[in-house]
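In: below is the sequence, then the predicted model.
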Amino acid sequence: MPITKATASSVAPAAKGDLVVGSATNDAAILAVGTNGHTLVADSAEATGLKWAAPASGSTFVGAKAYGTTNQSISHFTTTLVTWDSEFFDTDSMHSTSSNTSRLTIPAGKTGYWQITASLGYDANANGVRQVNFSKNGSYVNAEQVQATATYGNIVGYSNIMYLTAGDYIEVSAFQSTGGSLNLIKSSTESYFAANFIGA
């Protein structure tokens, strides 16, 4: 019910920042000033239906970015999983440097949309094409391809947004068609594989 002047005066604020609020008994009540920095939020469990609380913290980054330290030989016309033995970062144990090192696995509680990025650097060779291939749970998803150039090594990059469920794993495969084996250059700048959580 509306707070009358008489009711309000009987529960007048006693300190700076106190609030006069309605209570569960439809009477006026005092909600004492909260802690500095706290905000007023609704809470039906409270007698006044309100409480002071610390504001929610900002979103926490979740993701992983892996790279390799030893060049990997890719056979002609053979799609080959790329392995990663080192990490720039891994917030939620998505990658292992000792077991299933080709995988980034979606952590519990993070089903949703993910930005998946990969870069593969190949040794210079004038023949054929170079590819980077994405797969989910062992099944092909999509790929990016470039034509080879002789003067420089060839770097193939690709990025995609994918909806992934906790427990899904993603991998990158390399493909080349020079007519012989070709090294994939493993370094922190040439080749990497990353997954960043965007949101549910």
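Out: Here it is on my side, so go on. Numbering: from 1, shown residues only.
In: I figured E171 hits S139, correct?
Out: No - under the criterion of Cβ atoms under 8 Å, E171 is not in contact with S139, lying 10.0 Å apart. C-beta coordinates here come from the backbone N, C-alpha and C atoms, glycine included.
In: these two: who's more crowded?
Out: E171 (22 against 6; other Cβ atoms under 10 Å).
In: check which helix or strand covers that one.
Out: strand 169-176 (DSSP states H and E).
In: that strand packs against which elements?
Out: strand 72-74, strand 80-81, strand 104-105, strand 112-122, strand 129-136 (3 or more Cβ pairs under 8 Å, 6 or more residues apart in numbering; DSSP states H and E).
In: low-confidence bits of the protein, can you list those?
Out: 1-10, 56-59, 149-152 (pLDDT under 70).
In: domain parsing for it?
Out: By the record's domain assignment, the chain is partitioned as 5-53, 63-199 (automatic domain parsing).
In: Q131: how many residues sit nearby?
Out: Count around Q131 with other Cβ under 10 Å applied: 20.
In: pretty sure it is touching Y158, no?
Out: No - with contact defined as Cβ under 8 Å, Q131 does not count as touching Y158 (9.1 Å).
In: now do the shared contacts for those two.
Out: A143, E144 (Cβ atoms under 8 Å, 6 or more residues apart in numbering).
In: before we move on, back to that, and the domains of the chain, which is most packed in?
Out: Comparing the domains of the chain by mean neighbour count (mean count of other Cβ atoms under 10 Å), domain 63-199 comes out on top with a mean of 17.
In: any idea how far apart the tips of that one sit?
Out: Terminal residues of domain 63-199 lie 12 Å apart, using Cα to Cα, to the nearest Å.
In: how about stretch 138-153?
Out: 28 Å.
In: which residues in the protein form helices?
Out: 5-10 (DSSP state H).
In: name whatever forms a beta bridge with the residue nearest to R103 when sequence neighbours are not counted.
Out: For R103, ignoring the flanking residues on the chain, the nearest one in space by Cβ to Cβ, 6 or more residues apart in numbering is Y169 at 4.3 Å. Following DSSP bridges, Y169 is listed with bridge partners T105.
In: contact partners for Y169?
Out: N100, R103, L104, T105, I106, K136, N137.
In: can you tell me how far it is from Y158?
Out: 18 Å (Cβ to Cβ, to the nearest Å).
In: dump the residue contacts of F61.
Out: T91, N196, F197.
In: if you could redo that for S191, that was the one I meant.
Out: Y67, G68, V82, S119, L120, G121, L184, I185.
In: if the closest residue in space to the first one that isn't next to it in sequence is in a bridge, with which residues?
Out: The reference is to Y67. In this structure, Y67 finds its nearest non-sequential neighbour in Y192, 4.4 Å apart by Cβ to Cβ, 6+ apart. Under DSSP bridges, the beta-bridge partners of Y192 are Y67, S119.
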